[in-house]
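Asker: Below are the sequence and a predicted model; questions follow.
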Amino acid sequence: MERNKVKAKRKDQFQDMTHSSLSRLISLTGFILMLAIASLEAATHYVSTASQNPMSPYTNWATAAANIQAAVNVAAPRDVVLVTNGVYPGVVTITNPLALLSVSGPQFTILDGEQSTDKFGNGIPCVSLVDGASLTGFTLTNGLGGGVSCSSTNAFVTNCLIAGNALRTGLGAGASSCTLFNCTLTGNSGGDGGGAANCTLYDCTLSGNTAWGGGGAFSSALYNCTLSNNSAIDTDTGPCGGCAFCILGSPSAGGGALSCTLYNCTLISNSTSACGYEGSTSDGGAAANCVLYNSTLIGNSGDAANGCTLYNCTLSSNPGYGADSNSALYNCICYFNSGPDESNYDGTSTLDYCCTTPLPISGVGNITAPPLFVDYTTGNFRLQSNSPCINAGNLAYAMTTTDIDGNSRIVSGAVDIGAYEYQGLGSAISYAWLDQYGLPTDGSVDRTDLDSSGMTVYQDWVAGLNPTNALSVLAMLPLARKNNPAGFVINWKSVANISYFLQRSTNLVSQPAFTTLATNIAGHAGTTSYTDTNADGAGPFFYRVGVQSP
């Protein structure tokens, strides 16, 4: 009946509506009514340690529950359990998709797990969350089974302080299998992932956590997070506490993160050590077996990155055993690190389009000039306007749309080396390349043909040519006919470490005139050749060569 009234009212008001438009409006109205009914059905249950007259279902402050679990037990799905200031002892298990939140935030609302155990002596987390449940604004501490454990990352933890929790064994002393927003995880220890394991974290701080692997985080995805002073420690008396998996002399791994993916993160002063060998080399003071994008690794001990893949990262001031080993670095700055041997990288790592010293034996596009940070001494690793790292990266390795500051990753059609993208106006050409030829970086010569070769300075840069030498050009050389098998040998002037594509045509009038014969042809110093054995018939045959775009 009510639905018919709504329909009649809308019809009177909008007689010129089409039938389909009216149907959509009715559907939308019905949806809004359903939402309103759902909101009315949701109840709020109150909790206060000072409650003098707790009465279920605790629907006002006068009858508030004295402990959190009592209110949670009577709450239905989508209900809210609202908790006022106080220290709440015990653990909380949430089995419905409800919202548990505090009135004043984690500073004033504390849930103390009291190092509780089950009847078998296994530790219990401070809070357990089912899918769809959320936890907002609490301090979680003294959980012997961790701080918070979730059924999956479809459970949410927001604006919480998770501190001083522990695990004997297992994953995630601070948080396990949750999605966390704007949380601080500190001083948690044990297992794998002292701060978090199997979690997704946004804008979180992980500091002072310890574990056998992944002192800060293990097997997690982290966005815009800071990981500092976390430790992966494997000692007889350390966090693993003589567990079965503590093997004398075995290296710990990932002081900051182990087996994680990190976007726009800062990893600073994290460390590792080996069981029974004080000061022994361990794997990845900052990160081990991780993939990192637009991140900074600063002041981490051991080898800062081990077994990692890094895109547009900055590694600097890492002491001990240098910046990286057994890793692949693309568009990265690896400078001012220290170590007994190779300080910036070792022979097990590969570097392409990186700023480092000395120049790697293998790899392409690397430069050795100092990166010219804004203020290295105070930790400002942004680029000065004359940095050789500006526009010196490879677009193929620009894997994200923003840099660590959230600014555009691509400026003027080029990408910088390092975690920070220089945002000022200027040339679209690598500043390091321009500096080789004494050319300005303000963009004034980018579209100029300085040597009258028919190619602009920008085109010379793309093709790896000398913009001040008219003989340094990309040009086809005379064709050579080949027999047995029949075909043509195509030759052109080329440059090492540049990739080319080759195209052929038999009719320049038809469109498209050319078809591609080959791509990613590795260039050689001087000339490069390609043999076409599929040129059938008498011809004519036309060829053209170009530089392969990154």
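Answerer: Cool, the structure landed.
Asker: going forward, measure contacts and count neighbours with C-alpha atoms only.
Answerer: Fine.
Asker: Helices of the stretch 1-150 of the chain, start to end?
Answerer: Shown for the stretch 1-150 of the chain, the helices assigned by DSSP state H, counting those that start in this stretch span residues 2-13, 19-41, 68-74.
Asker: Show me how far the shortest one is from its chain's centre.
Answerer: Its chain's C-alpha centre lies 38 Å from the corresponding centre of helix 68-74 when counted by CA atoms, centre = their mean, to the nearest Å.
Asker: List the contacts of that helix.
Answerer: When contacts are taken as CA atoms under 8 Å, 6 or more residues apart in numbering, the neighbours of helix 68-74 outside the stretch itself are 45-47, 56-58, 65, 81, 83, 88, 91-94.
Asker: Among the residues you listed, the buried ones, what's the PyMOL command?
Answerer: Filtering those down to the buried ones (16 or more other CA atoms under 10 Å) takes a single PyMOL command:
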select buried, resi 45+46+47+56+57+58+65+81+83+88+91+92+93+94
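Asker: Next, format the contacts of helix 68-74 as TSV and append distance to residue 201.
Answerer: Written out in TSV, the entries for the contacts of helix 68-74 read as follows (distance: CA to CA, whole Å):
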residue	distance to residue 201
45	29
46	29
47	28
56	36
57	34
58	33
65	32
81	24
83	24
88	26
91	23
92	22
93	22
94	21
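Asker: So what sits opposite residue 101 in the bridge?
Answerer: residue 82, residue 136 (DSSP bridges).
Asker: residues near it, how many?
Answerer: A count of neighbours around residue 101, defined by other CA atoms under 10 Å, yields 23.
Asker: gap between it and residue 380?
Answerer: 38 Å (CA to CA, to the nearest Å).
Asker: How about residue 169?
Answerer: From residue 169 across to residue 380, the span is 39 Å (CA to CA).
Asker: who has more neighbours, these two?
Answerer: Neighbours of residue 169 and residue 380, each counted by other CA under 10 Å, are more numerous for residue 169; the result is 21 against 10.
Asker: Tell me the spatial nearest neighbour of the more buried one, not counting adjacent residues.
Answerer: The shortest distance from residue 169 to any residue that is not its chain neighbour, by CA to CA, 6 or more residues apart in numbering, is 4.7 Å, and that residue is residue 191.
Asker: where exactly do the strands run in the stretch 401-550 of the chain?
Answerer: Here the stretch 401-550 of the chain has its strands, by DSSP state E, counting those that start in this stretch, at 480-482, 487-494, 499-505, 515-522, 526-532, 542-547.
Asker: Can you give me the neighbour number for the residue nearest to residue 493 when sequence neighbours are not counted?
Answerer: If you skip the residues right next to it in sequence, residue 493 has residue 527 as its closest partner in space, 4.5 Å away by CA to CA, 6+ apart. Taking other CA under 10 Å as the criterion, the count of residues near residue 527 is 16.
Asker: Please give me every residue in contact with residue 527.
Answerer: Residues counted as contacts of residue 527 (CA under 8 Å, 6+ apart) are 491, 492, 493, 494, 495.
Asker: hmm, 6 Å instead?
Answerer: Residues counted as contacts of residue 527 (CA atoms under 6 Å, 6 or more residues apart in numbering) are 492, 493, 494.
Asker: dump the residue contacts of the second one.
Answerer: Pointing back at residue 493 there. For residue 493, the contacting residues are 474, 475, 526, 527, by CA under 6 Å, 6+ apart.
Asker: now the strands of the stretch 401-550 of the chain in JSON lines, with distance to residue 333?
Answerer: Below are the strands of the stretch 401-550 of the chain laid out as JSON lines (distance: least, CA to CA, whole Å):
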{"stretch": "strand 480-482", "distance to residue 333": "45"}
{"stretch": "strand 487-494", "distance to residue 333": "29"}
{"stretch": "strand 499-505", "distance to residue 333": "24"}
{"stretch": "strand 515-522", "distance to residue 333": "26"}
{"stretch": "strand 526-532", "distance to residue 333": "30"}
{"stretch": "strand 542-547", "distance to residue 333": "26"}
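Asker: got those as a markdown table, with mean pLDDT columns?
Answerer: Putting those into a markdown table (pLDDT from 0 to 100) gives the following:
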| stretch | mean pLDDT |
| --- | --- |
| strand 480-482 | 80 |
| strand 487-494 | 91 |
| strand 499-505 | 92 |
| strand 515-522 | 92 |
| strand 526-532 | 93 |
| strand 542-547 | 91 |
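Asker: now the residue nearest to residue 493: how far from residue 406?
Answerer: For residue 527, the distance to residue 406 (CA to CA) stands at 43 Å.
Asker: would you put the C-alpha positions of stretch 354-374 in CSV?
Answerer: Extracted C-alpha coordinates of stretch 354-374, given in CSV (Å, rounded to 0.1, in the frame of the first residue of the first chain):
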residue,chain,number,x,y,z
CYS,A,354,69.7,3.7,-10.8
CYS,A,355,71.9,6.4,-9.2
THR,A,356,74.7,4.7,-7.4
THR,A,357,78.5,4.4,-7.1
PRO,A,358,80.6,2.7,-8.4
LEU,A,359,79.0,2.1,-11.8
PRO,A,360,77.6,-1.4,-11.8
ILE,A,361,79.4,-3.8,-14.2
SER,A,362,76.0,-4.9,-15.6
GLY,A,363,72.7,-3.1,-16.0
VAL,A,364,71.7,-0.2,-18.2
GLY,A,365,70.9,3.5,-17.7
ASN,A,366,72.8,3.8,-14.4
ILE,A,367,74.5,7.1,-13.3
THR,A,368,77.1,7.7,-10.7
ALA,A,369,76.9,11.5,-10.0
PRO,A,370,75.7,12.3,-6.4
PRO,A,371,71.9,12.6,-6.4
LEU,A,372,71.9,16.1,-4.8
PHE,A,373,69.3,15.6,-2.1
VAL,A,374,67.7,18.8,-0.7
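Asker: Buried residues of it, list them for me.
Answerer: Burial within stretch 354-374, assessed by neighbour count using 16+ other CA under 10 Å, is assigned to 354-357, 360, 363-373.
Asker: What of stretch 383-399?
Answerer: By neighbour count, with 16+ other CA under 10 Å as the criterion, the buried positions of stretch 383-399 are 383-395, 397-398.
Asker: Also stretch 65-80?
Answerer: For stretch 65-80, by 16+ other CA under 10 Å, it's 65-72, 75-80.
Asker: Same list, these, but as JSON lines with pLDDT and distance to residue 480 please.
Answerer: Written out in JSON lines, the entries for the buried residues of stretch 65-80 read as follows (pLDDT from 0 to 100; distance: CA to CA, whole Å):
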{"residue": "65", "pLDDT": "98", "distance to residue 480": "92"}
{"residue": "66", "pLDDT": "97", "distance to residue 480": "92"}
{"residue": "67", "pLDDT": "95", "distance to residue 480": "89"}
{"residue": "68", "pLDDT": "98", "distance to residue 480": "86"}
{"residue": "69", "pLDDT": "97", "distance to residue 480": "85"}
{"residue": "70", "pLDDT": "97", "distance to residue 480": "89"}
{"residue": "71", "pLDDT": "98", "distance to residue 480": "87"}
{"residue": "72", "pLDDT": "98", "distance to residue 480": "84"}
{"residue": "75", "pLDDT": "97", "distance to residue 480": "84"}
{"residue": "76", "pLDDT": "97", "distance to residue 480": "82"}
{"residue": "77", "pLDDT": "96", "distance to residue 480": "78"}
{"residue": "78", "pLDDT": "96", "distance to residue 480": "77"}
{"residue": "79", "pLDDT": "96", "distance to residue 480": "81"}
{"residue": "80", "pLDDT": "97", "distance to residue 480": "81"}
